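Student: Turn this into a structure:
(2 chains)
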Amino acid sequence: MTGPAPRLDAVDVGYTYPGDTPTQALESVNLTVQDSEFVALLGPVGCGKTTLLRILAGFLRPTKGAVRCDGAEVDGPSPQRGYVLQEDAIFPWMTVRENVEFGLLARGMPPAARVEVSSELIRLIGLSRFADAHPKELSAGMAKMVEVARVLAIDPAILLLDEPFGALDAQTRARMQDELARLWERRRKTVLFVTHDAEEALYLADRIVVLSSRPGRVEADIPVELPRPRSLESRFSPAFSALKRRIWETLS
Amino acid sequence: MLPRNKKNNFFSGPGIRTRTARGLLSLGALAIVYGVAAEIGRGRLPDRIWLGTHYVENVQLLPPYGSLAEEAVFLLQSGILLSSIAVSAGRVLLGFMLGAAFGILLGIATGRATRAEYLADPWVTFFRFTPALALLPLYVLWFGYGEGTKILLVASSVAVVTLLGAHQGVRSVPRVYLDAASALGAGPGLAFRKIVLPAALPHIFASLRIGLGLAWVTIVVAELIDARMPSLGYLLTLAGGYPRVSTMVVGIATIGALVLAFDLFALSVHARATRWMRRTG
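Tutor: Numbers count the residues shown, from 1 in each chain, chains lettered A, B, ... in the order given. Presented below is the predicted three-dimensional model:
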């Protein structure tokens, strides 16, 4: 074998929740994410997407198989893998700036350098006016973008996003997708994006990995060769529709 | 029903002026009811009262405003009322600070000790339902009749409430915040200072506010039992001995006003410290 190790490499990962009735969430998942790739993990609700992401983030230890990031075994959460939770996890008692700077503070970066990084990111997500506001002043979508920026600030090797726009209405969600795509085009990062929305996956990703329903297995691995930057036009292009049909057929 | 998105907290919303006006209105209504009752009762209520062992003469059961004003002026001019307030408030503050410091520190510790959960929990439950005033006879035996007993009694009742508040506050920090912090690389020290403490703060402040009210209840009872000059509890005991209802009413009104003032102060500190919280109706 030649070349560097993949950014993220999950080999034969299985997970069974313990308890009186043990539930097998993941059967045997193989997944490789290369550097600078935007991969969407698509599957029905309850197929173990979040379980897989929590394993990759280091919050769960797989009951079977192994996960490596940049060649090193994953054992516990680390700023190497930036994880944006599905739930609202913006710290409400901190301002937008303090939220974005939290990971840098944890790393011990001096204040002046922190401000430099945070100002740039807050500008990128278009919230400069709200830098010193508390999250209660933000809409749900903007709060989620602050969480993304907070993770980007620590410059992780890979970004793990768990249905970040799941709780938003369709229009806001589309706007946030544009926002994320724009951010990604400026800061090419390796991204693994969990969603149950085929259109969202198509609009954002380079490659879509479809999981089967419980227990989760990789059902299909579909490359998305739509030109970037994508726009409203992309959503209505024949290529987009063809891919969408293919995904629907895989899912059902 | 408040319209959606209309802020409903202490400093915004219905407006501090409206709130004050309404508060004064309800106080005024009660004052009028009292005044009317006192006027109706004049000459109709008995003035000779059987106290269990003997009769006392010339008792005004509902003294009219004239007598109350006279009594208030006398208590103020003689300096009795002010020195009583100073002594009682001093005991409350000292006991409150001692109890709050102890309770909050211990509550944070028991809340943090997730592995010692089953060690701390029975004690937390035990104290939740045990009034600190039950300790009074024990404290008198241990520490004698004096300042120490009174201040420790106040401290005990405040400590119980704040311990519960801090314990609950630390326990109820949402898991997602701790997960997010550790994913961002925060160690236990930073997570405690920047996540656990601020997230627990609303609980802690709420318990401090309850504790402050409880401190007044405790001190007045403690002063009733071991009555020494000058204090508000003593004033009430003395008035009961004569008996002089006008002194009692002035004393009770004073305690009420002090509790109200202290609570208003606690509320404003609470509101300032948790301004980040969403307070939509």
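Student: Excluding its own residues, what touches stretch B:215-228? List them.
Tutor: Here stretch B:215-228 makes contact (Cβ atoms under 8 Å, 6 or more residues apart in numbering or on different chains) with B:88, B:91-92, B:95-96, B:99, B:132-133, B:136, B:140, B:145, B:149-150, B:153-154, B:157-158, B:231-234, B:236-238, B:255, B:258-259, B:262. C-betas here are computed from N, CA, C, even on glycine.
Student: Which members of those are classed as buried?
Tutor: Neighbour-count burial (16 or more other Cβ atoms under 10 Å in any protein chain shown) is assigned, among these, to B:88, B:91-92, B:95-96, B:99, B:132-133, B:136, B:140, B:149-150, B:153-154, B:157-158, B:231-234, B:236-238, B:255, B:258-259, B:262.
Student: Filter those down to just the ones in helices.
Tutor: B:88, B:91-92, B:95-96, B:99, B:136, B:140, B:149-150, B:153-154, B:157-158, B:232-234, B:236-238, B:255, B:258-259, B:262 (DSSP state H).
Student: in which helix or strand would I find A:E116?
Tutor: helix A:111-124 (DSSP states H and E).
Student: which residues touch that helix?
Tutor: So helix A:111-124 is contacted by A:96-97, A:100-101, A:104-105, A:109, A:128, A:130-131, A:149, A:152-153, A:183, A:186-187 (Cβ under 8 Å, 6+ apart).
Student: which among these are in contact with chain B?
Tutor: Contacts with chain B are made by A:L105 out of these, judged by Cβ under 8 Å from any Cβ of the partner chain.
Student: what's the most distant pair in the contacts of helix A:111-124?
Tutor: Across the contacts of helix A:111-124, no pair lies farther apart than A:L105 and A:R186, at 24.1 Å, counting by Cβ to Cβ.
Student: Of these two, which one has the most company?
Tutor: Neighbour count, other Cβ atoms under 10 Å in any protein chain shown: between A:L105 and A:R186, A:L105 has more, with 17 against 9.
Student: in which helix or strand would I find B:I204?
Tutor: B:I204 is part of helix B:197-225, with elements assigned from DSSP H and E.
Student: What residues of that helix count as buried?
Tutor: B:197-220, B:222-223, B:225.
Student: And stretch A:76-85, by the same measure?
Tutor: A:P77, A:S78, A:P79, A:Q80, A:R81, A:G82, A:Y83, A:V84, A:L85.
Student: residues in chain B within reach of chain A, list them.
Tutor: Going by Cβ under 8 Å from any Cβ, the residues of chain B near chain A are B:176-177, B:179-187, B:190, B:194-195, B:198-199, B:201, B:275-278.
Student: taking the residues you listed one by one, which sit in helices?
Tutor: Short answer: these in helices (DSSP H) are B:V176, B:Y177, B:D179, B:A180, B:A181, B:S182, B:A183, B:L190, B:P198, B:A199, B:L201.
Student: list the contacts for the closest residue to B:A199 other than its chain neighbours?
Tutor: Among residues not flanking B:A199 along the chain, B:V173 sits closest, at 4.3 Å (Cβ to Cβ, 6 or more residues apart in numbering or on different chains). Each residue near B:V173 by Cβ under 8 Å, 6+ apart is listed here: B:I195, B:V196, B:A199, B:A200.
Student: Specify the local secondary structure of the closest residue to A:A57 other than its chain neighbours.
Tutor: Once flanking residues are discounted, A:A57 sits nearest to A:Y83: 4.0 Å by Cβ to Cβ, 6+ apart. Here A:Y83 is strand, with the state taken from DSSP: H, G, I helix; E, B strand; the rest coil.
Student: buried residues in stretch A:105-124?
Tutor: Neighbour-count burial for stretch A:105-124 flags A:L105, A:A106, A:M109, A:R114, A:V115, A:V117, A:S118, A:L121, A:I122, A:L124 (criterion: 16+ other Cβ under 10 Å).
Student: Mind pulling the model confidence for residue 137?
Tutor: If you meant another chain, say so; for now it's chain A. With respect to pLDDT, A:E137 scores 92.
Student: you looked at the wrong chain, it should be chain B
Tutor: 86.
Student: ditto for A:L168
Tutor: 84.
Student: Is it correct that it is in contact with A:A140?
Tutor: Yes - counting by Cβ atoms under 8 Å, A:L168 touches A:A140, with 6.0 Å between them.
Student: export the buried residues of stretch A:76-85 to a markdown table and tack on pLDDT?
Tutor: Conversion of the buried residues of stretch A:76-85 to a markdown table gives the following (pLDDT from 0 to 100):
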| residue | pLDDT |
| --- | --- |
| A:P77 | 91 |
| A:S78 | 90 |
| A:P79 | 89 |
| A:Q80 | 88 |
| A:R81 | 91 |
| A:G82 | 91 |
| A:Y83 | 93 |
| A:V84 | 93 |
| A:L85 | 91 |
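Student: contacts for stretch A:44-53?
Tutor: A:10, A:13, A:15, A:25-26, A:29, A:31, A:41, A:43, A:60, A:83, A:86, A:160, A:162-163, A:192, A:194, A:196, A:211-216, A:251.
Student: Those residues in strands, which ones?
Tutor: Per DSSP state E, strands hold the following members of the contacts of stretch A:44-53: A:10, A:13, A:15, A:25-26, A:29, A:31, A:41, A:83, A:160, A:162, A:192, A:194, A:211, A:216.
Student: got a winner among these for most neighbours?
Tutor: Neighbour tally across those (other Cβ under 10 Å): the maximum, 32 neighbours, falls on A:L41.
Student: contacting residues around that residue?
Tutor: A:L31, A:K49, A:L52, A:L53, A:L192, A:F193, A:V194, A:T195, A:V209, A:L211.
Student: switch the cut-off to 7 Å
Tutor: A:K49, A:L52, A:L192, A:F193, A:V194, A:V209, A:L211 (Cβ atoms under 7 Å, 6 or more residues apart in numbering or on different chains).
Student: I'd guessed the third one sits against A:I158; true?
Tutor: If I follow you right, that is A:L192. Yes - contact criterion Cβ atoms under 7 Å: A:L192 and A:I158 qualify, at 6.5 Å.
Student: tell me, what's touching the two both at once?
Tutor: Common contacts of A:L192 and A:I158 (Cβ under 7 Å, 6+ apart): A:L8, A:V33.
Student: How about A:I158: what's its closest non-neighbour residue?
Tutor: A:T190 (4.3 Å).
Student: pLDDT wise, what is the one you found at?
Tutor: 92.
Student: Number of residues surrounding it?
Tutor: 23.
Student: where's it relative to chain B, distance?
Tutor: Going from A:T190 to chain B by Cβ to the nearest Cβ, to the nearest Å gives 16 Å.
Student: ok, now which ones touch that residue?
Tutor: A:T190 makes contacts with A:R7, A:V33, A:D35, A:S36, A:E37, A:A157, A:I158, A:L159, as judged by Cβ under 7 Å, 6+ apart.
Student: Point out the residues in the stretch 51-200 of chain A that sit beside chain B.
Tutor: Residues of the stretch 51-200 of chain A lying near chain B by Cβ under 7 Å from any Cβ of the partner chain: A:57, A:59, A:77, A:79, A:83, A:85, A:87, A:89, A:91-93, A:102-103, A:106-107, A:134, A:136, A:150, A:154.
Student: how close does B:A72 sit to B:G66?
Tutor: The gap separating B:A72 from B:G66 is 11 Å, by Cβ to Cβ, to the nearest Å.
Student: go on, A:I158?
Tutor: Distance from A:I158 to B:G66, by Cβ to Cβ: 82 Å.
Student: more crowded one of these two?
Tutor: A:I158 (22 against 10).
Student: I'd say the more buried one and A:R7 touch.
Tutor: Yes - under the criterion of Cβ under 7 Å, A:I158 makes contact with A:R7 at 5.2 Å.
Student: Noted, bye for now.
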